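Student: everything below, folded, please.
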Amino acid sequence: MSLSAVRAALSDLKNCQTDIGTGMDIVTDMAMDLAESQKAQGDPGIKAMEDIILECAKLDREINCFSHIVERVTSEVGREPPEAMFSLSARVKEQFAEKMASLSDTELENHNKVVAFKDSVANTLNQAKPGTVEDMEELDEDIAVTQSQVNFSCPLTQIEMVNPMRNKVCNHYYDEEAILGLIQTRHKQKKKCRCPVVGCGNTDVKQSDLILDQMLRRRIRNQKRDGNRM
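Tutor: Here you go, the predicted structure:
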């Protein structure tokens, strides 16, 4: 197998990851629909969807690990004699098996889309709980304040966010693809990533500080849908 064929296969795997992420967003939306109908946290439907999210997170992690190992091994092989290509497959399999053996399923709880799923369901359930008139008025006020504070446009792209991510440190929002791309670029430059929001003092934005806000994504989508109907 040539190195170009390996790179093409990796590209296909990354496309699969995009599809997996889209599927996880759809499952999260369905779980939020159940939560909005005031189902309990232990509803079997929501639990089944959480299991699906965890399985998808596991597959996403495996693809990430496999891709990183292939990239590392092919880089090593490229600096070795041509006959080293014959050992590429065996070396990848060995290193991948070792990596998988060192991982724990409990780590999947920290996957950004797993965290987003649980937060979205919990927040939706809390909003769906019946309360007093005063409670409902307070909730409406909180939602109005949140909507006024959050700009639907990404500070990096200046266009409407598709998958908004909230920074837990400074509470600013960015589109997922844009902020992760910026962090990766800064990492390659051996530099820290400053929050792109003007005036923000957060000079070290880390991927671990970011969480997908599925409720905001849902709100943006609904607003766009309502706008198209007008």
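
Student: pLDDT-wise, which helix or strand of the chain ranks last?
Tutor: helix 133-149 (a mean of 48; mean pLDDT, DSSP states H and E).

Student: so after that one, what's the next helix or strand?
Tutor: strand 164-167 (DSSP states H and E).

Student: CA atoms only for that following strand, dumped as PDB, please.
Tutor: Once non-C-alpha atoms are left out, strand 164-167 reads as follows in PDB (Å, rounded to 0.1, in the frame of the first residue of the first chain):
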ATOM      1  CA  PRO A 164     -21.700  26.700  19.500                       C
ATOM      2  CA  MET A 165     -19.200  25.900  22.200                       C
ATOM      3  CA  ARG A 166     -19.100  27.700  25.500                       C
ATOM      4  CA  ASN A 167     -15.900  28.500  27.300                       C
END
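
Student: helices or strands next to it in the packing?
Tutor: strand 173-175, helix 176-188, strand 210-212, helix 214-229 (3 or more Cβ pairs under 8 Å, 6 or more residues apart in numbering; DSSP states H and E). For glycine as for every other residue, the C-beta is placed from the backbone atoms N, C-alpha and C.

Student: try 10 Å this time
Tutor: When contacts are defined as 3 or more Cβ pairs under 10 Å, 6 or more residues apart in numbering; DSSP states H and E, strand 164-167 packs onto helix 112-128, strand 173-175, helix 176-188, strand 210-212, helix 214-229.

Student: what's the burial count for C16?
Tutor: C16 has 12 neighbours, counted by other Cβ atoms under 10 Å.

Student: actually Q158, sorry about that
Tutor: Q158: 8 surrounding residues under other Cβ under 10 Å.

Student: avg pLDDT for the helix or strand D12 falls within?
Tutor: Using DSSP H and E, D12 maps to helix 3-36. Across helix 3-36, pLDDT averages out at 86.
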